[in-house]
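Trainee: No sequence on hand, only this structure:
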């Protein structure tokens, strides 16, 4: 390998204040433009994520309100002693369940191999409420 020699070079540049300000502005603008190119897509992604979280939170709160309302309706119907009130509430709950199932299905990707779900199928009263939930879409 050839031997390298070091040659000191000194360069002096003279600029006035106006030229220095112009140079600083050009450097600042270049940095700002580069920063904007990186930050803008990240900002849009963050905005999209925030909107998705807000929408999800709204849906969860709506479901909680629905369930809490149904619980109160069940208490009211049971304490009324009116069989028609219980029958009407049962029909209302089944309709709400069907509406909720349709809304979830509309926003869930479809697995062509998944078996159809009947929202009117009877619920097993002996089912263990603490049993793990099995995802039929899981491989």
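Mentor: Ah, there it is. Here the structure is a predicted model, which is why all the values come from computation and not from measurement.

Trainee: all helices of this structure, in order?
Mentor: Assigned by DSSP state H, the chain shows helices spanning 17-80, 83-106.

Trainee: Now tabulate the ones you listed in CSV and tack on mean pLDDT, distance to residue 11 and mean neighbour count.
Mentor: C-betas here are computed from N, CA, C, even on glycine. Below are the helices of the chain laid out as CSV (pLDDT from 0 to 100; distance: least, CB to CB, whole Å; neighbours: other CB atoms under 10 Å):
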stretch, mean pLDDT, distance to residue 11, mean neighbour count
helix 17-80, 80, 15, 11
helix 83-106, 82, 69, 12
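
Trainee: JSON lines please, covering those and showing distance to residue 7.
Mentor: Formatted as JSON lines, the helices of the chain follow (distance: least, CB to CB, whole Å):
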{"stretch": "helix 17-80", "distance to residue 7": "27"}
{"stretch": "helix 83-106", "distance to residue 7": "74"}
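
Trainee: Of all those helices, which one is nearest residue 120?
Mentor: For the helices of the chain, the distance to residue 120 is smallest for helix 83-106, at 6.4 Å, taking CB to CB.

Trainee: what's that closest one packed up against?
Mentor: With contacts defined as 3 or more CB pairs under 8 Å, 6 or more residues apart in numbering; DSSP states H and E, helix 83-106 has these neighbours: helix 17-80.

Trainee: Return the angle between stretch directions for the helix it packs on and helix 83-106.
Mentor: Counting by axes from the mean of the first three to the mean of the last three CA atoms, to 10 degrees, helix 17-80 points 150 degrees away from the direction of helix 83-106.

Trainee: just to revisit the earlier point, out of the helices of the chain, which gets nearest to residue 5?
Mentor: Of all these, helix 17-80 sits nearest to residue 5, with 32.8 Å by CB to CB.

Trainee: chain center to that closest one: distance?
Mentor: 10 Å (CA atoms, centre = their mean, to the nearest Å).

Trainee: Could you list every helix and strand that that helix packs against?
Mentor: Counting by 3+ CB pairs under 8 Å, 6+ apart, helix 17-80 packs on helix 83-106.
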